[in-house]
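Engineer: generate a structure from the sequence data that follows.
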Amino acid sequence: PEGSEFLQAKYDTAFREPHMSDDETVLDADGNFPGRYVSRAPAWRSAKLTELYDTVDAVKDPNPSKKYIPRVKALESVDVPPKIAKDIKNRARRWMIDPEWLAKPENKDYDVETRIVDSGIAWGDAEDPEDKVERHKRFREEKDADRENKRARKAQVDKTKKNKAGKGKPKGKPKKKQPVGESESNTLATGVAGPSKATRGKETAADESESSDGLDYM
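Structural biologist: Modelled structure (predicted):
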């Protein structure tokens, strides 16, 4: 209504579809649709949010739709958590949440950024939730980029170490040393090549033959 505090921009997020009551179809005793829906408010709604919706519902629509189906507000609430929303505009603001409901042990797990965000500067916060979420997003992206850079640098260092280690190894198998022969040993020791085994064998045979022919028959 005109002049209402709920016309302020800080209440605009309350009119997003995820925060509205779900309509239930309740059939009459004969199983027929009675021509109206039953709306059950979620138990997490704060007193201020409930007051806002009651104020809006009390205003008569100047141009009602001919196809409009009335909603009847149920006395009982439904105990469901705020909906998870990818778009921050569809997440519940903290001012919308009943603090007593949120303080219950079974509901503390629902106090997460995917469901509930801060109310914003208009409600006395230091920053708007959109700015806070964007800042956290940039921080995560920078952290991921830094981790990826460290991984790339480590891979480069490992590659450099591997290349250096490979250069120090011989390319082929080392040649085996041949055993040094006796004649070679003599050559190395005196600088003059001595007779080979075959030559020495022939000389020994010749000496024996000469000795046999020169026997003394006295």
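
Engineer: tell me the mean pLDDT for the lengthiest helix in the chain?
Structural biologist: Counting residues, the longest helix found in the chain (DSSP state H) is helix 129-167. Helix 129-167 carries an average pLDDT of 87.

Engineer: what residues sit buried inside it?
Structural biologist: Judged by neighbour count (16 or more other Cβ atoms under 10 Å), helix 129-167 contains these buried residues: 129, 132. In short, each C-beta sits where N, CA and C put it, glycine included.

Engineer: which elements pack onto it?
Structural biologist: Using 3 or more Cβ pairs under 8 Å, 6 or more residues apart in numbering; DSSP states H and E as the contact test, the elements touching helix 129-167 are strand 116-117.

Engineer: for residue 71, give me its contacts.
Structural biologist: Under the criterion of Cβ atoms under 8 Å, 6 or more residues apart in numbering, the contact partners of residue 71 comprise 21, 23, 36, 37, 38, 39.

Engineer: where exactly do the helices run in the protein?
Structural biologist: Listed in chain order, the helices of the chain (DSSP H) span residues 47-57, 99-103, 129-167, 182-190, 197-213.

Engineer: which of the contacts of residue 71 has the weakest pLDDT?
Structural biologist: In terms of pLDDT, the least confident member of the contacts of residue 71 is residue 23, at 77.

Engineer: tell me how many other residues surround that residue.
Structural biologist: When neighbours are defined as other Cβ atoms under 10 Å, residue 23 has 14 of them.
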